[in-house]
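Visitor: Sequence and predicted structure, then a few things I'm wondering about:
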Amino acid sequence: MSELPARRLLLVHAHPDDESINNGATMAKYAAEGAHVALVTCTLGEEGEVIPPGLAHLAPDREGGLGAHRIGELAAAMSELGVTDHRFLGGPGRFRDSGMMGVEQNRREGAFWNTDVDEAAGYLVEVIRSLRPQVLITYDPDGGYGHPDHIQAHRVAMRAAELAAEPGYRADLGAPHAVAKIYWNRVPRPVVERAFDALRATETDFPGIAAIDDVPGVVDESDITAEIDGAAHAAAKSAAMRAHATQITVQGPYFALSNGLGQPIFTTEYYQRAGGRAPVAAGRREHDLFEGVGE
Ligand SMILES: [Zn+2]
């Protein structure tokens, strides 16, 4: 694998835009430092709500075409972050956005939520065995906030990491590879509270402000094991979020999803170590996700 850079990071996300919101600064930082940063997005986000009135016809209950449009948004976002390796799980459109929990689209043929975990994981095993990432980032078991595609992305990523390391599993997908460190996206509650306090004290054009519970992956400080200071890449993160124009509006250090409610953009991104063979740094927070993985 001599053609691969020494440090390799793989992120697994549910929809185009999740990567920029959750990990934009981390991705830009490691890409700028010469690490190989690879993104696997599990669906095209066909069920997303469309913000710009001029693009409302892309909605699934109108003409459709949102998925194809979001492929372009994702490509634009990745170019803002300096990330050149971005793929869709099983190829674009292989798995469909399942919509929010409880809607009829959850059960539709091809919906990601309705897919066998091991079958979907097979596609990711192939990526893991060819890129051989030391670090894997995905969501916690609740997918951060309970969206079925986010929960499924978590399950598929965790299962794929397990299967990729198993010598007896599908030799046709490449030589076994054990990911050294797996992280879940998290945000510490006090940080979220302070950021919302600042937002409430600021004049913005948002019609309202989101609730802290709208932020995915909020946990106690003690659950955080790594934080990545992405301040130097804040502009790239904002630009990447802006590139997802059907889904996100950005105002300074704040953004809103289709409900229009303001939320802070976090340029320090937080993680909880959740597996992998490398030793866990006990009693202190890491500031580099590659710490301790060796070359
Ligand atoms: Zn999503």
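Guide: Received, thanks. Residues are numbered from 1 along each chain as shown.
Visitor: which residues make contact with stretch 17-27 from outside it?
Guide: Stretch 17-27 is contacted by residues 9, 11, 13, 37, 39, 41, 45, 48, 70, 73-74, 77, 81, 83, 137, 144, 150, 185, 216-217, 228, 230-231, 233-234, 236-237, 240-241, 243-244, 247-248, 255, 265-269, 289 when judged by CB atoms under 8 Å, 6 or more residues apart in numbering. Where C-beta positions appear, they are placed from N, C-alpha and C, glycine not excepted.
Visitor: now check it, is it near the ion?
Guide: Yes. Stretch 17-27 comes into contact with the ion (CB under 5 Å from the ion), by way of D18.
Visitor: what about G102, neighbour count?
Guide: 8 (other CB atoms under 10 Å).
Visitor: any chance you could map the helices in this structure?
Guide: With helices called from DSSP state H, the chain shows them at 18-32, 66-81, 117-131, 148-165, 189-200, 234-243.
Visitor: got CSV for those, with mean pLDDT and mean neighbour count too?
Guide: Formatted as CSV, the helices of the chain follow (pLDDT from 0 to 100; neighbours: other CB atoms under 10 Å):
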stretch, mean pLDDT, mean neighbour count
helix 18-32, 98, 26
helix 66-81, 98, 20
helix 117-131, 98, 20
helix 148-165, 98, 23
helix 189-200, 97, 15
helix 234-243, 98, 22
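Visitor: Tell me which of these lies nearest to R107.
Guide: Closest to R107 of the helices of the chain is helix 148-165 (CB to CB; 10.3 Å).
Visitor: what's the angle between that closest one and helix 117-131?
Guide: 60 degrees (axes from the mean of the first three to the mean of the last three CA atoms, to 10 degrees).
Visitor: next one: helix 148-165 to chain centre, how far?
Guide: 13 Å (CA atoms, centre = their mean, to the nearest Å).
Visitor: now check it, is it near the ion?
Guide: No. If you take CB under 5 Å from the ion as the test, helix 148-165 misses the ion, and the best it gets is 5.7 Å.
Visitor: Which elements pack onto that helix?
Guide: Counting contacts by 3 or more CB pairs under 8 Å, 6 or more residues apart in numbering; DSSP states H and E, helix 148-165 packs against strand 8-13, helix 117-131, strand 135-138, strand 181-188.
Visitor: Tell me who's in contact with R277.
Guide: Neighbours of R277 in contact, by CB under 8 Å, 6+ apart: 178-180.
Visitor: same thing but 10 Å
Guide: Contact analysis of R277 by CB atoms under 10 Å, 6 or more residues apart in numbering lists 134, 165, 178-182, 293.
Visitor: can you redo the helices and strands packed on helix 148-165 as JSON lines with distance to P279?
Guide: What follows is the helices and strands packed on helix 148-165, written out as JSON lines (distance: least, CB to CB, whole Å):
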{"stretch": "strand 8-13", "distance to P279": "19"}
{"stretch": "helix 117-131", "distance to P279": "21"}
{"stretch": "strand 135-138", "distance to P279": "14"}
{"stretch": "strand 181-188", "distance to P279": "10"}
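Visitor: Of all the ones you listed, which one is nearest the ion?
Guide: Across these, the ion has its closest neighbour in strand 8-13 (7.0 Å, CB to the ion).
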